[in-house]
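Visitor: mind folding the following:
(chains A and B)
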Amino acid sequence: MADVLVIVEHQDGVFRKTTLSTITAAKAFANLIRGEVDALVLGSGVAAVADTVMAYGVRKVLLGEGAVFAKYLAVTYASSVAQVVKEKGYGAVFAPASTFGKDFMPRLSGLLDAPLASDIVGMTREGEKVRVQRAIYAGNAIATVELIGSPILFTVRQTAFDAAVPTGATATVEAISVSADPGETAFVSRHETKSDRPELTEARVIVSAGRGIKAQENFKVVEELADLFHAAVGASRAVVDAGWAPNDWQVGQTGKIVAPELYIALGISGAIQHLAGMKDSKVIVAINKDEEAPIFEVADYGLVADLFKAVPEMIAELNHHKKQSL
Amino acid sequence: MKILAAIKPIPNPDEKVKIKPDGTGIILDNIKMVINPFCEIAVEEGLRIKEKLGGEVVILTIGTREDEQQIRTALAMGADRAVLVEAEKGLDALAVAKFMARVVEREKPDLVLLGKQAVDDDNSQVGQILAALLSWPQATFASRVELVAGGKKAQITREVDGGLETIEVSLPAVVTTDLRLNEPRYASLPGIMKAKKKELMVIPGASLGVDAAPKVRILSIAPPKERAAGRKVADVAELVAKLRNESKVL
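Guide: Numbers count the residues shown, from 1 in each chain, chains lettered A, B, ... in the order given. This next block holds a predicted model:
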């Protein structure tokens, strides 16, 4: 039976945990088709990334290094992965449905004329066939999809599969020779949003603000609440469009899909597109002045209140308990 | 500068879809069709580039005659003419991109602009597949497009996890648009009048020699798991108590 290849995501040599849920999905798929899972790391000076991936229960880690991969580009990734898939005969390729996987995987689909299921949230087996589930219409419908042909490609929604854990076994690392031509594409620069907070897709708690926050300087109160939980800070589209928060804070259908243990929505009305990004959170709290706001339909605990009054109260209450429990 | 801007008509994304009881699709009765919001941004960007550098903006849709109204809307925004490839419904992204590639080969644009994703089936694939089929550079999730080197190249800032990234591509290229690229204009009344007379070329898909048999087949659709109905709390003290004692997340 054919084997499965996971494309490892890293940012300039720093392993990204998005890969861990992708490994889990790939293993589940490999079990269904009785194949093995290998991982591919492309980059320059990224042996440490390969060493990290070794621990997560893959058969082997392919390491393709070269100066041409020093900066990620869809054009070099897609053509190199296509090369590896053809040479080694992989039957399926998995990558995270992050902006990394969403960028190069469709290009790979075009190069290989191979079908791609984007952002999968589950998989089932019917007879000899594997079917995957994916969210459509802003998560208001779940489609069951069949991919026809070989190889077949998948990007994986991080929140839908558990992160792989180290298995105790160690895979072997196999250096491979891959080449790529960036052609007419060149990396220019990267502007990283600086933050000491956990990433939105990995945080246990997210405090998120919507239009009700009214101005950028009011984010102080959001940050202060977030500090108490060591939480990530998110935002609705309106807030990002207004320039009050950076683009990569946007939670929603076309931004980040999150599912923390606790999601606190402050002044967020709850448009369909926002709900699509957070309604799989374990516990949802909504604080909003408007008692008709749709966010209350998905909130486990809704508080109709002015956030500028309620949030400082909440901070005081939490601090008070903290002191008592010390 | 010749720009091809692709649009996809979709059910109004601000209405919650209803699923047919037999799971074969969604109920489209009484739902307004609109241009996918990301595609509107692509059209707007095309118009802005044309306003600066001159040239032509051509609208491209892979769809059916039913899509004419949304195509006319894009023309009313200011696009010059449109191409509709008539194809059967239910195409997958590979098939759509293959049809588009045939039109690109005929039209020879300098730039193809598409939305980063259609918010009905949420695939986010067509632009990248098209770029691969054409062997062109791609720049996805664009929040800024700047033409440089006398219009021979473009610098594109992309919205990515962790921040922003800028790449430079030579034209011709495929660019997919993100939300912050621009705010699309509304069609003006004179624009709407003019749009009625603008050229809409209809190409039968069957004449393009594309293998459009779907490789991604949607077998059924179902509603997602519903959340249990939430409830309101009276005040902050009750909220904190519930979080601590009931859901135990504190």
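
Visitor: need the single longest strand in chain B, by residues.
Guide: Longest strand in chain B, counting residues (DSSP state E): strand B:138-148.

Visitor: can you give me the strands in chain B?
Guide: Using DSSP E, strands in chain B cover B:2-6, B:9-11, B:33-35, B:56-63, B:81-86, B:111-115, B:138-148, B:153-160, B:163-170, B:173-177, B:200-204, B:216-222, B:231-232.

Visitor: partners of the longest strand of chain B in the sheet?
Guide: strand B:153-160 (antiparallel), strand B:173-177 (parallel) (DSSP bridges).

Visitor: if we can go back for a sec, for A:Met105, find the nearest of the strands of chain B.
Guide: strand B:138-148 (11.0 Å; C-beta to C-beta). C-beta coordinates here come from the backbone N, C-alpha and C atoms, glycine included.

Visitor: tell me where the stretch 101-250 of chain A has helices.
Guide: Counting by DSSP state H, counting those that start in this stretch, the stretch 101-250 of chain A has helices at residues A:219-229, A:237-241.

Visitor: give me whichever of these is most buried.
Guide: helix A:237-241 (a mean of 21; mean count of other C-beta atoms under 10 Å in any protein chain shown).

Visitor: quick one: is it near chain B?
Guide: Yes - remark: helix A:237-241 sits within contact range of chain B at A:237, A:240-241, by C-beta under 8 Å from any C-beta of the partner chain.

Visitor: which ones are touching A:Tyr90?
Guide: A:2-5, A:38, A:84, A:151 (C-beta atoms under 8 Å, 6 or more residues apart in numbering or on different chains).

Visitor: wait, doesn't B:Lys20 sit right on B:Ile26?
Guide: Yes - the pair B:Lys20 / B:Ile26 is scored as a contact, 6.6 Å apart, by C-beta atoms under 8 Å.

Visitor: who has more neighbours, the two?
Guide: B:Ile26 (16 against 12; other C-beta atoms under 10 Å in any protein chain shown).

Visitor: quick check: the nearest residue to that one once chain neighbours are set aside vs A:Glu36, distance?
Guide: The spatially closest residue to B:Ile26, leaving aside those adjacent along the chain, is B:Val17, at 4.6 Å (C-beta to C-beta, 6 or more residues apart in numbering or on different chains). Per C-beta to C-beta, to the nearest Å, B:Val17 is found 39 Å from A:Glu36.

Visitor: do the same with A:Val145
Guide: Counting by C-beta to C-beta - A:Val145 and A:Glu36 are separated by 24 Å.

Visitor: looking at those two, which one has more neighbours?
Guide: Between A:Val145 and A:Glu36, A:Val145 has the larger neighbour count (other C-beta under 10 Å), namely 23 against 14.

Visitor: B:Ile218 is in contact with the more buried one, correct?
Guide: Yes - at 5.6 Å, A:Val145 counts as touching B:Ile218 under the criterion of C-beta under 8 Å.

Visitor: dump the strands of chain B into JSON lines; add mean pLDDT and mean neighbour count as well.
Guide: Listed next are the strands of chain B as JSON lines, based on pLDDT from 0 to 100; neighbours: other C-beta atoms under 10 Å in any protein chain shown:
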{"stretch": "strand B:2-6", "mean pLDDT": "98", "mean neighbour count": "26"}
{"stretch": "strand B:9-11", "mean pLDDT": "97", "mean neighbour count": "20"}
{"stretch": "strand B:33-35", "mean pLDDT": "98", "mean neighbour count": "18"}
{"stretch": "strand B:56-63", "mean pLDDT": "98", "mean neighbour count": "25"}
{"stretch": "strand B:81-86", "mean pLDDT": "98", "mean neighbour count": "20"}
{"stretch": "strand B:111-115", "mean pLDDT": "98", "mean neighbour count": "28"}
{"stretch": "strand B:138-148", "mean pLDDT": "98", "mean neighbour count": "21"}
{"stretch": "strand B:153-160", "mean pLDDT": "98", "mean neighbour count": "23"}
{"stretch": "strand B:163-170", "mean pLDDT": "98", "mean neighbour count": "21"}
{"stretch": "strand B:173-177", "mean pLDDT": "98", "mean neighbour count": "29"}
{"stretch": "strand B:200-204", "mean pLDDT": "98", "mean neighbour count": "14"}
{"stretch": "strand B:216-222", "mean pLDDT": "97", "mean neighbour count": "18"}
{"stretch": "strand B:231-232", "mean pLDDT": "94", "mean neighbour count": "12"}
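
Visitor: closest to A:Pro166 out of those strands?
Guide: So among the strands of chain B, strand B:153-160 is nearest, using C-beta to C-beta, at 28.2 Å.

Visitor: which residues touch that closest one?
Guide: Residues from elsewhere that reach strand B:153-160 (C-beta under 8 Å, 6+ apart): A:99-100, A:103, A:188, A:247-248, B:111, B:139-148, B:164-171, B:173, B:175, B:178-180.

Visitor: hmm, try it at 6 Å
Guide: A:99, A:247, B:139, B:141-148, B:164-170, B:178 (C-beta atoms under 6 Å, 6 or more residues apart in numbering or on different chains).

Visitor: one more: stretch B:104-117?
Guide: Residues contacting stretch B:104-117 (C-beta under 6 Å, 6+ apart): B:1-6, B:36, B:38-39, B:42, B:45-46, B:124, B:127, B:141, B:171-172, B:174-178.

Visitor: how does it look with 7 Å?
Guide: Residues from elsewhere that reach stretch B:104-117, judged by C-beta atoms under 7 Å, 6 or more residues apart in numbering or on different chains: A:254, B:1-6, B:36, B:38-39, B:41-42, B:45-46, B:58, B:123-124, B:126-127, B:130, B:134, B:140-141, B:171-178.

Visitor: residue of chain B closest to chain A, please.
Guide: Nearest residue of chain B to chain A: B:Ala132, at 2.8 Å (C-beta to the nearest C-beta).

Visitor: show the contacting residues for that residue.
Guide: Per C-beta under 7 Å, 6+ apart, neighbours of B:Ala132: A:78, A:107, A:110-111.

Visitor: in a markdown table, list the residues you listed along with neighbour count and pLDDT.
Guide: Output for those, formatted as a markdown table (neighbours: other C-beta atoms under 10 Å in any protein chain shown; pLDDT from 0 to 100):
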| residue | neighbour count | pLDDT |
| --- | --- | --- |
| A:Ala78 | 25 | 98 |
| A:Arg107 | 28 | 98 |
| A:Gly110 | 29 | 98 |
| A:Leu111 | 21 | 98 |
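
Visitor: tell me, which of those residues make contact with chain B?
Guide: A:78, A:107, A:110-111 (C-beta under 7 Å from any C-beta of the partner chain).

Visitor: now A:Gly183: closest residue in space that isn't a chain neighbour?
Guide: A:Gly183's closest residue in space is A:Val75 (C-beta to C-beta, 6+ apart), at 6.2 Å.

Visitor: now that neighbour: which helix or strand?
Guide: helix A:74-88 (DSSP states H and E).

Visitor: specify the angle between that helix and strand B:138-148 in degrees.
Guide: 150 degrees (axes from the mean of the first three to the mean of the last three C-alpha atoms, to 10 degrees).

Visitor: which strands or helices does helix A:74-88 pack on?
Guide: Identification of packing neighbours for helix A:74-88 by 3 or more C-beta pairs under 7 Å, 6 or more residues apart in numbering or on different chains; DSSP states H and E yields strand A:37-43, helix A:99-112.
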